[in-house]
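S.K.: The following block contains a protein sequence and its predicted model.
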Amino acid sequence: MWYQALACDFDGTLATRDRLDPDATAALIRAREAGLRLMLVTGRTFFELLRVCERLDLFDAVVAENGAVIYFPDSGTVRDQGPPPPHRLASELDRRGVSYQVGRVIMATARGDEALVGEALTAAGVTRDLIYNRDSLMLLPPGVSKGNGVERVLATLGLSFHDVLGIGDAENDLDLFRACGWSGCPGDAVESVRRQADWVFPGRDGKAVAAAIVGPILHGQLPVHRSPRHRIGIGWVIESSELVAIPARGVNVLITGDPLSGKSWLAGALVERLVEARYAVCILDPEGDYWALARLSGAQSVEIHDEAAMVQSLSRFEQEPSACLVADLSLAPRERRPSIVGAALEAIRELRRRRGRPHWVVIDEAHEALREGGVTDQVAGMEDKGFVLATYRPARLRASVMAALDVFIVGRTSALDQAASLGARLGPELGRRASAVVPRLPSGEFLVVQPDQAGEWIPLTFMAPPRQTAHVRHHQKYADTCVPPDRRFFFRRPDGGVVAAADSLDSFRRAVLEVDEATLAHHVNHGDFSRWVSDVFSDRELARQLRKMEARGHRGEVSDLRAAIDGLITLRYGPER
């Protein structure tokens with residue numbers, strides 16, 4: 001079940017001829033038993049609603065008078081959201097023979113009286129917004145609406161609007177839809193509402209809504225991932241500038257590619273856009289790559305040393321509907337990190353069951369936690385959706401994890417076994433096409449493969465979007481990453497003969513320790529080491545340090561060049577693993 005709350009209109013949605021539909025009442029009771037919070041949102045005056053709705057006790061909150069009055073049945077609290085109707089406006093309406101209803105804040109007339117209402121407002125010197133509701137015309141203070149009323153209730157209940165399904169049938173319910181993450185209507189709703197709703201439920205009035213509640217809503221069968229209104233942009237097709245977007249809910253995403261492909265950049269950009277859209281996001285960051293995202297509004301980075309600290313840090317999601325937490329595990333012992341991730345996922349699954357958030361969980365270095373023998377499927381809960389797995393070794397993800405993925409975003413991948421691992425999920429033909437494309441992708445360009453509305457896999461190449469926050473690369477994990485054959489470092493004697501080749505920083509420093517003095521001096525004197533590190537790994541800081549070491553070595557100021565070069569790489573990337 002995707003929703004934490006339902007916000008339902010009264011007339012034409014739950015009720016017919018002033019009374020709750022019996023089927024709708026039974027459906028609301030089942031929704032409460034399932035743990036959903038319920039809001040009644042109506043244009044009716046508060047006094048009239050008390051008379052006609054005999055089951056207000058079913059609702060956690062009532063938004064009456066089109067947002068002008070908020071009522072909490074449990075406590076009996078009533079909060080007016082605007083001033084009462086001015087007496088002089090009533091006098092002007094009486095003078096023109098206009099029939100009207102008066103609530104605590106609202107006034108309502110027939111839709112055909114709009115011209116006379118306008119005259120009365122002008123004569124009385126009163127400002128009121130005119131809101132249509134089928135055959136009725138409602139007069140409200142400026143800034144008062146169903147949507148604003150719902151927003152205030154959500155703040156009181158501590159709910160995220162992303163977890164609320166709004167259901168209505170008339171023009172004034174469009175503002176209700178605006179305040180809710182998702183929207184639905186019965187089949188007899190007005191045309192403008194049907195056009196804007198995410199789902200149109202077959203049938204009429206309360207019976208249609210009742211069938212939807214006990215059916216697809218409570219059983220989690222509404223296809224949230226197929227809503228064209230709820231998507232997150234991740235870049236643009238270079239040739240056409242077409243926006244490339246993925247579903248904002250209901251999918252699991254894999255982001256993969258070589259360490260220098262831009263994979264982490266894209267994962268960070270996706271998080272930025274999720275935070276901007278007010279989704280709650282938790283980043284499980286084993287290598288300390290994402291702490292810069294804590295600069296986003298509402299975001300926080302926490303250093304995690306053990307399981308207890310991890311679970312405690314997740315308490316933010318209890319009270320903050322759009323919290324963003326970066327859990328930095330880089331200071332925890334490496335062998336303990338999968339256990340910490342497991343504790344986090346177990347706690348997150350329970351949080352989602354109770355609070356519906358975090359909406360998204362980003363797991364970096366996912367191959368460590370979700371490999372064979374890692375965090376179990378039962379604990380991970382990937383069937384709950386809303387996971388982003390970032391890894392440069394997708395082949396290490398176990399088969400059940402790969403089977404749970406819905407969207408694949410692939411950067412440059414030179415290791416053929418890693419690219420080929422996608423074929424098991426995408427099918428042999430598409431897997432071969434992906435394996436042919438990804439080795440040639442420039443850094444910052446990606447292949448996305450996701451299903452269309454008919455469920456067919458659609459591949460598309462695109463460029464990544466800009467970042468708001470700086471991308472910080474934690475270098476340790478790149479030391480053993482192999483580069484393509486044409487980017488290897490060839491150790492040559494002064495006469496040009498090749499004596500060794502290195503396809504990673506680890507193999508490079510091993511070769512530095514083994515080649516003869518003449519070969520070492522040849523490359524140091526030409527600045528080859530620093531140039532290779534800068535061009536291939538884009539590590540300007542290590543290249544700068546190597547350049548200084550090469551200059552000192554050329555001048556004879558370094559007694560042990562081999563140890564000095566190995567020491568620089570170890571300081572930057574850690575010891576060889």
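M.R.: Received it, and whenever you're ready, just let me know what you need.
S.K.: Where does pLDDT dip in the stretch 1-150 of the chain?
M.R.: Residue ranges of the stretch 1-150 of the chain with pLDDT under 70: 1.
S.K.: Then the stretch 201-350 of the chain?
M.R.: 260.
S.K.: got the residue ranges for the strands in the stretch 301-450 of the chain?
M.R.: Using DSSP state E, counting those that start in this stretch, the strands of the stretch 301-450 of the chain run over 324-328, 360-364, 387-391, 407-410, 445-451.
S.K.: In a markdown table: those strands, plus mean neighbour count and distance to Q81.
M.R.: Every residue, glycine included, has its C-beta placed from N, CA and C. Output for the strands of the stretch 301-450 of the chain, formatted as a markdown table (neighbours: other C-beta atoms under 10 Å; distance: least, C-beta to C-beta, whole Å):
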| stretch | mean neighbour count | distance to Q81 |
| --- | --- | --- |
| strand 324-328 | 25 | 30 |
| strand 360-364 | 26 | 33 |
| strand 387-391 | 25 | 39 |
| strand 407-410 | 23 | 41 |
| strand 445-451 | 21 | 42 |
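S.K.: Adding distance to E151, write the ones you listed out as a markdown table.
M.R.: As requested, those are exported to a markdown table (distance: least, C-beta to C-beta, whole Å):
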| stretch | distance to E151 |
| --- | --- |
| strand 324-328 | 20 |
| strand 360-364 | 22 |
| strand 387-391 | 28 |
| strand 407-410 | 31 |
| strand 445-451 | 32 |
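S.K.: per-domain residue ranges of this structure.
M.R.: 5-226, 236-473, 478-573 (automatic domain parsing).
S.K.: Specify the beta-bridge partners of the closest residue to F72 other than its chain neighbours.
M.R.: Excluding the flanking residues, the one nearest F72 by C-beta to C-beta, 6 or more residues apart in numbering is A61, at 5.5 Å. Taking DSSP bridges, one obtains M39 as the residues bridged to A61.
S.K.: And A61, how far from L38?
M.R.: The spacing between A61 and L38, counted by C-beta to C-beta, to the nearest Å, is 8 Å.
S.K.: ditto for N172
M.R.: 19 Å.
S.K.: More neighbours: which of the two?
M.R.: The neighbour comparison of N172 against L38 (other C-beta atoms under 10 Å) goes to N172, with 25 against 17.
S.K.: I'd assumed A68 was in contact with the more buried one.
M.R.: No - in this structure, N172 is not within contact of A68 by C-beta atoms under 8 Å, at 11.8 Å.
S.K.: now R273: how far from E151?
M.R.: Counting by C-beta to C-beta, the separation of R273 from E151 is 22 Å.
S.K.: And A292, how far from W265?
M.R.: 11 Å.
S.K.: What are the boundaries of the helices in the stretch 301-450 of the chain?
M.R.: Using DSSP state H, counting those that start in this stretch, the helices of the stretch 301-450 of the chain run over residues 307-313, 316-319, 337-355, 366-369, 377-380, 399-403, 416-420, 423-426, 428-437.
S.K.: which stretch among those comes nearest P485?
M.R.: Nearest of the helices of the stretch 301-450 of the chain to P485, taken as C-beta to C-beta: helix 416-420 at 11.4 Å.
S.K.: next one: the closest one to chain centre, how far?
M.R.: On the basis of C-alpha atoms, centre = their mean, to the nearest Å, helix 416-420 sits 28 Å off its chain's mean C-alpha point.
S.K.: List the contacts of that helix.
M.R.: Under the criterion C-beta atoms under 8 Å, 6 or more residues apart in numbering, residues 256, 392-395, 410, 413, 431, 434-435, 438-439 lie in contact with helix 416-420.
S.K.: which one of the residues you listed sits closest to M402?
M.R.: Scanning the contacts of helix 416-420 for proximity to M402, where the rule is C-beta to C-beta, the winner is P394, at 7.5 Å.
S.K.: Next, the contact list for the closest one, please.
M.R.: Going by C-beta under 8 Å, 6+ apart, P394 touches 254, 256, 367, 402, 418, 421-422.
S.K.: what's the spacing between it and R55?
M.R.: Going from P394 to R55 by C-beta to C-beta gives 52 Å.
S.K.: Could you do P442 as well?
M.R.: For P442, the distance to R55 - C-beta to C-beta - is 62 Å.
S.K.: With neighbour numbers in mind, choose between the two.
M.R.: R55 (14 against 10).
S.K.: Correct me if wrong: the more buried one contacts A26.
M.R.: No - using C-beta under 8 Å, R55 makes no contact with A26, being 10.7 Å away.
S.K.: So the residue lying closest to A395 once chain neighbours are set aside versus V401, what's the distance?
M.R.: Distances taken as C-beta to C-beta, 6+ apart put S421 closest to A395, at 3.8 Å, once the chain neighbours are dropped. As judged by C-beta to C-beta, S421 and V401 stand 11 Å apart.
S.K.: quick one: which of these two has more around it?
M.R.: Using other C-beta under 10 Å, the more surrounded residue of S421 and V401 is V401, with 26 against 21.
S.K.: In space, not sequence, find me the middle residue of this protein.
M.R.: Compute the mean C-alpha point of the chain, and by C-alpha atoms, centre = their mean the closest residue is L274, 4.1 Å away.
S.K.: quick revisit: what two of the contacts of helix 416-420 are the furthest from one another?
M.R.: Most distant of the contacts of helix 416-420, by C-beta to C-beta, are Y392 and G431, 18.0 Å apart.
S.K.: Compare those two (neighbour count), which wins?
M.R.: Y392 (24 against 18).
S.K.: residue contacts, that one?
M.R.: With C-beta under 8 Å, 6+ apart, Y392 has these contacts: 256-259, 261, 263, 367, 418, 477, 481.
S.K.: go again using 10 Å as the cut-off
M.R.: 255-261, 263-264, 365-367, 411, 413, 415, 418, 477-478, 481 (C-beta atoms under 10 Å, 6 or more residues apart in numbering).
S.K.: swap in V326?
M.R.: If a contact means C-beta under 10 Å, 6+ apart, then V326 has 271, 281-285, 288-294, 296, 299-304, 313, 362 as its contacts.
S.K.: does it have beta-bridge partners, and which?
M.R.: Assessed by DSSP bridges, V326 has beta-bridge partners I283, S301.
S.K.: Could you check how far it is from A543?
M.R.: V326 sits 28 Å away from A543, taking C-beta to C-beta as the criterion.
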